[in-house]
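**Q** The amino acid sequence is not available; the structure is as follows:
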């Protein structure tokens, strides 16, 4: 029972982190029609900014807030100086250009911070276990990630569904040409959307930093899962990204936790431990394939005309 509850919460926590990364990606892809492979680099930069600012200030919270602002500014600068020139061009141009940005950010990090990874230590009050059920404790920091990510998801939903800017974002996901014809400053909207996506990616990176080592290329593998999530949830859909991220996080975490014991019934311990992560990934891609067959536009696609 203890293991099941812990792994369920771990899956929820991982899924919510994936949502923060995928939400920005699906907005950028859905509204700007931009395939941004460098989104994982913004995730990485959020982690490096947090580790650096926390070391400078001696405060984890202050460092995290500064890192969030720095990633937002970086995203805006990146959109204005580089990505704005890609709008309206072929997706292959997007892939090549943003792949070049991945190489640029990796080398920039290597020059500034060096090839060795960084650590982001937690304050003492976030390292203590918190009782959640009788006899069951859960790390305070992982619980904080769940709470913060759910709060951000709620604010993002309210912002997209209940505000004028959100209305423009939804309209942009449905019909980009129409909002441009209505006199909306489409360049400014794109800049705001990309900045928001960058901030969400940076938030995911800085929250993951204390759990994993902050290192070069840390955003590349998780970016693959983010693309899977937006395919499953529907391009441009926040609700779809949220539900798909929870599904993917649960499948990945629970699969890695429980599949080894199941596989040991037919395989050796070494083979079972090796095969379990690969099988968990296969289950995620199988889910994506099933969704593509049943609903090619995803579970909750943005209404396009």
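**A** It's in. Since the structure is predicted, the reported quantities are computational estimates derived from the model, not experimental observations. Numbering: from 1, shown residues only.

**Q** buried stuff in whichever strand or helix holds residue 4?
**A** Taking DSSP states H and E as the criterion, residue 4 maps to helix 2-32. Applying a neighbour-count criterion of 16 or more other C-beta atoms under 10 Å, one finds 6-7, 9-32 buried in helix 2-32. C-betas here are computed from N, CA, C, even on glycine.

**Q** residue ranges with poor pLDDT in the chain?
**A** Within the chain, the ranges that satisfy pLDDT under 70 run 1, 170-177, 179-180, 302-305.

**Q** mind listing what's buried in stretch 39-58?
**A** For stretch 39-58, by 16+ other C-beta under 10 Å, it's 39-54.

**Q** Filter the residues you listed down to the ones in strands?
**A** Using DSSP state E, no member of those falls in strands.

**Q** Restricted to helices, list those.
**A** Members of the buried residues of stretch 39-58 lying in helices (criterion: DSSP state H): 39-54.

**Q** tell me which of those is nearest to residue 268?
**A** Using C-beta to C-beta, residue 40 comes nearest to residue 268 of those, at 34.9 Å.

**Q** residue closest to the middle of the protein?
**A** For the chain, residue 21 is the residue whose C-alpha lies nearest the centre (C-alpha atoms, centre = their mean; 1.5 Å).

**Q** and it, what does it touch?
**A** With contacts taken as C-beta atoms under 8 Å, 6 or more residues apart in numbering, residue 21 has the following neighbours: 39-40, 43, 200-201, 204, 222-223, 226.

**Q** quick one: contacts for the residue nearest to residue 246 when sequence neighbours are not counted?
**A** Excluding its sequence neighbours, the residue lying closest to residue 246 (C-beta to C-beta, 6 or more residues apart in numbering) is residue 15, at 4.2 Å. Shown in contact with residue 15 (C-beta under 8 Å, 6+ apart): 245-250, 253.

**Q** Output those residues as TSV; include the columns secondary structure and neighbour count.
**A** Formatted as TSV, the contacts of residue 15 follow (DSSP: H, G, I helix; E, B strand; the rest coil; neighbours: other C-beta atoms under 10 Å):
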residue	secondary structure	neighbour count
245	helix	29
246	helix	19
247	helix	20
248	helix	26
249	helix	23
250	helix	17
253	helix	21
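
**Q** Cool, thanks, talk later.
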